[in-house]
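Trainee: structure for this input, please:
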Amino acid sequence: MKTVRKSFFIVCLFLNLFLFSCEDDQEKVSKTQFNKITSISLQQFDVGSTTQLPPDFLRIEQALTKQINRFQKNVKTRLEVLETANMKQLEELKHRLETLDSAKDISLEQVIYSLKNLEPTIDLKLEQLTHSIPTFESKNAAQIEQLTHRIDAVESTNTSNTELMLTDHLQVFESANDLKFKQLTDCMNYLESKIDISIDRTKQIATNLSRNCGEVKEKGYDLSTVYLIKPDFAPKPITVLCDLEKKGGGWAYILSRFDGSQSFDFDMEEYKNGFGKIWSEFWLGLDNIHYLTGYEDNELLIELVDWDDNYKFAHYDSFRVGSEDEGYIMSISGYTGTAGDSFSYVTNNTKFSTKKIDLDQWSLGSCAQHFGASWWYNMCMTSLLTGKYLESYVHTTELGKIMHWSTFRGNQYSLKEARMMVRPRIEPND
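Mentor: From the prediction side, this is the model:
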């Protein structure tokens, strides 16, 4: 054991001599750092151990021995002095370690003693908490019950207040409703009186309405626009577009097509009542055409335009459409014009057919169903001014289905524009 200590102190002594002997500032180590290293090493060193020094100290001793060989002559005397001082320091450190061990044991005993003294206190606190839990639960239940009663009371109060408010609002609403009802009743009575006056005025106006666009012109009107007329047997006035300038004027449009904006794919109900917009594309309606033409001689003017803007017309001296009971039968004659006659020689005395009502003369089927359009058919594919609106020439799959006039550009050419107009017949001497 003494040999180990001696070796350790020799190492420390050599280290101390080496540090004080080094001339290079970069290699100097402070005495404080050395003492710190020595103190840590002594604390880690087990005094009671009989083993040799750790490998780190052996490596240090070997390294220092190499350095000591250079300074052997100068350090022998200082070594003895330092050994004595180090022995004294070692004894002091040993004493301090023993003191620290004793103090540590005393502190541990005090902690154990304190914990033992706390055990009764902790047990007492736990017991108190155990007894407090039922009391707390009881108080909590009482508070919950009080809150429940308060909530019930608030709900009851709110219900009463709500019912009262609703009753008040209902009374106010009923009062206001009675007032509104009275106002509406007064307003209705006023409107009824106005309606009666309007009906009387309408009757007076209807009495003075022109029967057709020819009479409109005779009354001195010369602007081609929309007018209200009343044919003799029509149940109500008819809104018509009158042309008061073309070929003597007095014409009422019954069909107008020029841009394809209006579909003509309808059945009998729509063709009976009419469809479209009077300022755009439209069909006036079979009933209205009957009222205009069924009770006096009328002329028919058909205007056609192709996609090269070539204008053609067909004029018929006599044109008449029968009633619904007669199947809206058409009689036509007296052709003149530039478009060719694709109407009278095949459609005279034919009824109006739709896809659901077949009144044509084709024994092999229905022209309206086959070609998908409503028209006065006798032989198919001669004329169809209610057919599909397409642009210019079409393929044979559309043969006869398009808006065409066979004597003008054929039945494979979709015309650009088509118009039909009627007016009371003007005798040549007029």
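
Trainee: just give me the residue right at the centre of the protein.
Mentor: Nearest to the geometric centre of the chain sits residue 261, at 30.6 Å (C-alpha atoms, centre = their mean).

Trainee: residue 411 and residue 332, how far apart?
Mentor: 19 Å (C-beta to C-beta, to the nearest Å). Yep, even glycine has a C-beta here, placed from its N, CA and C like the rest.

Trainee: how about residue 249?
Mentor: The value you get for residue 249 to residue 332, if C-beta to C-beta is used, is 22 Å.

Trainee: lowest-confidence helix or strand of the chain?
Mentor: helix 31-44 (a mean of 47; mean pLDDT, DSSP states H and E).

Trainee: ok, then the element right after that helix?
Mentor: Using DSSP states H and E, the next helix or strand after helix 31-44 towards the C-terminus is helix 55-208.

Trainee: thinking again about what came up before, ignoring the adjacent residues along the chain, who's closest to the residue nearest to the centre of the chain?
Mentor: With sequence-adjacent residues excluded and distances taken as C-beta to C-beta, 6 or more residues apart in numbering, residue 261 is closest to residue 281, at 5.5 Å.

Trainee: do you know how far that neighbour is from residue 121?
Mentor: From residue 281 to residue 121 the distance is 105 Å (C-beta to C-beta).

Trainee: ok, residue 263 next?
Mentor: Distance, residue 263 to residue 121, using C-beta to C-beta: 100 Å.

Trainee: higher neighbour count, these two?
Mentor: Set residue 263 next to residue 121 and count neighbours by other C-beta atoms under 10 Å: residue 263 wins out with 12 against 9.

Trainee: which SS state does the more buried one fall under?
Mentor: coil (DSSP: H, G, I helix; E, B strand; the rest coil).

Trainee: now it: how far from residue 375?
Mentor: 15 Å.

Trainee: tell me where the model's unsure across the stretch 1-150 of the chain.
Mentor: 1-57, 61, 68, 71-72, 74-75, 101, 103-108, 111, 114-115, 136 (pLDDT under 70).

Trainee: and with 50 instead?
Mentor: 2, 4, 20, 22-31, 33-34, 36-51 (pLDDT under 50).

Trainee: count of residues packed around residue 79?
Mentor: Residue 79: 17 neighbours (other C-beta under 10 Å).

Trainee: for beta bridges, what are the partners of the closest residue to residue 341 other than its chain neighbours?
Mentor: Nearest residue to residue 341, sequence neighbours excluded (C-beta to C-beta, 6+ apart): residue 335, at 4.2 Å. Taking DSSP bridges as the rule, residue 335 bridges to residue 316.

Trainee: ok, residue 335 - contacts?
Mentor: Residues in contact with residue 335 (C-beta atoms under 8 Å, 6 or more residues apart in numbering) are 314, 315, 316, 341, 343, 344.

Trainee: distance of it from residue 301?
Mentor: 11 Å.

Trainee: so residue 223 is in contact with residue 249, correct?
Mentor: No: contact criterion C-beta atoms under 8 Å: residue 223 and residue 249 do not qualify, at 10.6 Å.

Trainee: output stretch 155-172 in CSV, but only the C-alpha positions, please.
Mentor: Taking Å, rounded to 0.1, in the frame of the first residue of the first chain, the C-alpha atoms of stretch 155-172 are listed here in CSV:
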residue,chain,number,x,y,z
GLU,A,155,-87.4,26.9,-17.3
SER,A,156,-90.9,27.3,-15.8
THR,A,157,-90.4,31.1,-15.8
ASN,A,158,-89.1,31.1,-19.3
THR,A,159,-92.0,29.0,-20.5
SER,A,160,-94.5,31.3,-18.9
ASN,A,161,-92.7,34.3,-20.4
THR,A,162,-92.5,32.7,-23.8
GLU,A,163,-96.2,31.8,-23.7
LEU,A,164,-97.0,35.4,-22.6
MET,A,165,-94.9,36.8,-25.4
LEU,A,166,-96.4,34.5,-28.0
THR,A,167,-99.8,35.4,-26.9
ASP,A,168,-99.0,39.1,-27.1
HIS,A,169,-97.4,38.7,-30.5
LEU,A,170,-100.3,36.6,-31.7
GLN,A,171,-102.8,39.3,-30.7
VAL,A,172,-100.7,41.9,-32.4
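
Trainee: sounds good, over and out.
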